Every structure is written in C-alpha cells, then in structure tokens.
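K.L.:
3D model of this:
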Amino acid sequence: MAVSMSEAKLAPETLAAHAVFGADPTTGAVAPPLHPAVTYARDSDYRLRDPAQNYGRNGSPTVVLAERVITALEEAAATRLFSSGMAAIATLFETVPHGSHVAAPQVMYYGTRHLLQQLEGKGRIGLTLFDPEEPEGLRRAVVKGRTDILWIETPINPTLGIIDIAQAAEIAHQAGAVLAVDSTAASPVLTRPLALGADVVFHSATKYLNGHSDVLAGVLATREESERWQAIAAHRTAVGNVLGAMEAWMLTRGMRTLHLRVRRSCDNAMAVAQHLAGHPQVERVLYPGLPDHPGHAIARRQMSAFGGMLSMLVRGDLERANRVVRRLKVFLPATSLGGVESLAEHRRIIEGPDSPVPENLVRLSIGIEAVEDLIDDLDQALAG
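P.N.:
Here you go, the predicted model:
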C-alpha cells in the first residue's frame, strides 16, 4: 500500500484527486490498484500477511482505499462501504433495539420511507414521520429516552427542503438519540454533517460520489467508532453486503473528479433554477439557492453551494407533468441522480399513489453539460 498523504492536511480537492494515495512506492503507478482477490495466503507460520485481509466478505484492499478517501472527505473516524445504498441503510437500522423509536421526515427518499414503514408494520420499531416544513415538527417527533435514531435528509429528496443539521443534532443528543444524516444530494463537497454534530452520515455512493451512473454502492461514515459502529461493521461481515472490489475501484476513480463535477453541476443548477423561476409554465421552483426558498438561510450556513438537484412544479396536473418529461431530449427520463448527465423524473409516477409528493413535481438532476442546452431543452418541453 502506498504512503498516505492524509496526514499532510491537504485540501479535500487534493485528497480526492490523489485518492489519498499518491504514486505506488513499488511500481510508481499513479492510479490506484485493483485487488479482485477473495481469499489471501498465509505465511510460513500460518499467519495472515495483512491481519486486515483474510476473506472478501470483510472487504478488500480496494474497498479499504475507497473508504479511506471518503473518511478523509467527511473528516470521519471510519467508513464502511456496502453493496447498495439500501444495504447501508438497512444495516444501520438493524442496530436499533427491538421496539425502539425512529423519527424521520414525511417526505424523503421513498426507499428509506418504505423500509421504515415495513419495520414498523412488523413491530420491529416505533416510527414517527414529521413534517420538516413545520417549525416544531422535528422536535416533537423525538422522544427523550425512547428515540434511538433521528434520521434526516438534507437537501430532501425530491422536494429540496433543508433541515438544520446542527439543530437536529442538539435535539437528538438531548433525547439520547443518534443523528444520522442522508447527505447524498449534497455530497461531502457541499456539506459535512459530522462537523455539524451528526453521528453518522450516509450516502448513496451510486450518485455524486461515483458520478457516472455505473456503480451501485452505499456508504456509512461515523464521527466516532462507538459500539453501534462496531455492530454495523460486524453485521456487514456477517451478511456479506460489502461492496465488490471492481465497484470500489470504479467508485474511487469517480471520486477523483468529485469536486469538479459537483461544482459544475451546482453552477448549472443555479442557472436553470433562476431561468425556471420566471417561466410561465412553471408554478414553483424548489431549489435552496433561490432567496425565496424557505430553507435558503440554513442552506447558506451549512452548504458551500446549493447543489445540483432541483424540482419544478409544472403548471397543470399529473399528465401535464409527465408530458413535459416525455418531451425532453437532452435530459434523460431516468431514475437516479448525481451523474455527469442530466436526468428528469416524474416522482409521483415512480413512487405510486401513496406518495406524499405533489403530482406535478418533476425532479431534475443537473449534470455538467452546456447549461444553454439544458435551458433550451426545458423551454421546448414546457412549451408543448
């Protein structure tokens, strides 16, 4: 393993570009190596040559390297990578004691909401879903001595609401709960939840961290290596939902351009949001970078820019919004977000009739294309 530069207090952009790696001291290779091995030979005394590596279900040197990059970017104590975002989330909630309470927003990524509602339906957890737009909703949802995890997203998918991480941490900790933050839409480039008081930060690494729509991965990073964190690591080994070596290598490759991609997406998203805010066929634009967004002031405090995600409420009904998506030519009508290409999704159709998302909401993941092309595409789609 190459000598790490993480102790040199380099800027996050530098750490990401070098994958906290530098050149391989043996070969001089400037790209990180790929170790696809599942099992590892022992020495003549039958000892592991590297105590951290004995079997692929525990991870691999390639996975460990990707985890080191994220640990550096999040300024975390430790990181674990999983085979998908939902695998990471499920592992976290596996640590909730039977019958304990979880609080989470009413509107959030629907996969997370569905999982929590399933756990509640089985009697595995108690669950309170709060309205993040209601000033005291979060505070009332957290029950002292009962709530085990307060789960929040910020920005919220797909309504782009903003939750004050520092305030949420204070509320959670006063109640004896852990604060876990889904920071997928922000990425470590824009927000560092652990520095704001969160205990665990989650990313669907499929999204901005990878950035090329070709890796399925999830990540948990922790502020301290607590008993819960040890349980998370042990559960990953037990069930084997670790990220594969090839996927970890591709993830590391994607993270080397993370800062460039995210900054370009942010610039493009701001331009698109400002254009759509004055469009006659758009009822409302949901983007925390706009001054009239209710979470704008909080976003300015806890984000270095406002992100590459926005949603628009199209004037009209469900069919009108769906027609706009179908007419787009540069934007691809597809699920997911955070890639170099721009995507559009009609969330109500994806989530189904029980979704709390407005039927005329179209979510846009803004990529790194020429922003003029994106604006022209939206204009022609909205005109139809």
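K.L.:
Now Ala66: which helix or strand?
P.N.:
Ala66 belongs to helix 61-74 when assigned by DSSP states H and E.
K.L.:
what helices or strands is that helix leaning on?
P.N.:
helix 12-17, strand 78-82, helix 187-190, strand 218-222, helix 245-255 (3 or more C-beta pairs under 8 Å, 6 or more residues apart in numbering; DSSP states H and E). Heads up, the C-betas are built off the backbone N, CA and C, glycines and all.
K.L.:
Distance to Leu337 and mean neighbour count added to these, as CSV?
P.N.:
As requested, the helices and strands packed on helix 61-74 are arranged in CSV below (distance: least, C-beta to C-beta, whole Å; neighbours: other C-beta atoms under 10 Å):
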stretch, distance to Leu337, mean neighbour count
helix 12-17, 19, 18
strand 78-82, 18, 24
helix 187-190, 11, 25
strand 218-222, 14, 26
helix 245-255, 14, 23
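K.L.:
Ok, which of these comes nearest Asp24?
P.N.:
Proximity to Asp24 (C-beta to C-beta) singles out helix 245-255 among the helices and strands packed on helix 61-74, at 13.7 Å.
K.L.:
Show the average pLDDT along the closest one.
P.N.:
Summarised as a single mean, pLDDT over helix 245-255 is 98.
K.L.:
Would you mind pulling the contact partners of that helix?
P.N.:
16, 19, 31-32, 34-37, 56, 60, 62-63, 65-66, 69-70, 73, 81, 83, 205, 209-212, 214-217, 243 (C-beta atoms under 8 Å, 6 or more residues apart in numbering).
K.L.:
Need the buried ones from those residues selected in PyMOL.
P.N.:
To isolate the buried ones among these in PyMOL, judged by 16 or more other C-beta atoms under 10 Å, type:
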select buried, resi 16+19+32+34+35+56+60+62+63+65+66+69+70+73+81+83+205+209+210+211+212+215+216+217+243
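K.L.:
Give me the domain ranges for this structure.
P.N.:
What automatic domain parsing lists as the domains of the chain is 10-255, 258-383.
K.L.:
The first one: how far from the chain's middle?
P.N.:
Right, the one you point to is domain 10-255. Here domain 10-255 is found 8 Å from its chain centre; the criterion is C-alpha atoms, centre = their mean, to the nearest Å.
K.L.:
then stretch 122-136 to PDB, C-alphas only?
P.N.:
What follows is stretch 122-136, C-alpha atoms only, in PDB (Å, rounded to 0.1, in the frame of the first residue of the first chain):
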ATOM      1  CA  LYS A 122     -43.600  -5.900  11.800                       C
ATOM      2  CA  GLY A 123     -43.400  -4.300  15.200                       C
ATOM      3  CA  ARG A 124     -39.700  -4.100  14.900                       C
ATOM      4  CA  ILE A 125     -39.600  -0.300  15.600                       C
ATOM      5  CA  GLY A 126     -41.900   2.600  16.500                       C
ATOM      6  CA  LEU A 127     -41.900   5.300  13.800                       C
ATOM      7  CA  THR A 128     -42.800   8.900  13.700                       C
ATOM      8  CA  LEU A 129     -42.800  10.700  10.400                       C
ATOM      9  CA  PHE A 130     -42.600  14.500  10.900                       C
ATOM     10  CA  ASP A 131     -43.300  17.400   8.600                       C
ATOM     11  CA  PRO A 132     -39.900  19.100   8.000                       C
ATOM     12  CA  GLU A 133     -41.700  22.300   6.900                       C
ATOM     13  CA  GLU A 134     -43.500  22.600  10.300                       C
ATOM     14  CA  PRO A 135     -41.200  24.600  12.700                       C
ATOM     15  CA  GLU A 136     -41.600  22.300  15.700                       C
END
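K.L.:
just to revisit the earlier point, by how many degrees do the helix holding Ala66 and strand 218-222 diverge?
P.N.:
60 degrees (axes from the mean of the first three to the mean of the last three C-alpha atoms, to 10 degrees).
K.L.:
got a markdown table for the helices and strands packed on helix 61-74, with distance to Leu150 too?
P.N.:
A markdown table is the format used below for the helices and strands packed on helix 61-74 (distance: least, C-beta to C-beta, whole Å):
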| stretch | distance to Leu150 |
| --- | --- |
| helix 12-17 | 27 |
| strand 78-82 | 20 |
| helix 187-190 | 21 |
| strand 218-222 | 15 |
| helix 245-255 | 28 |
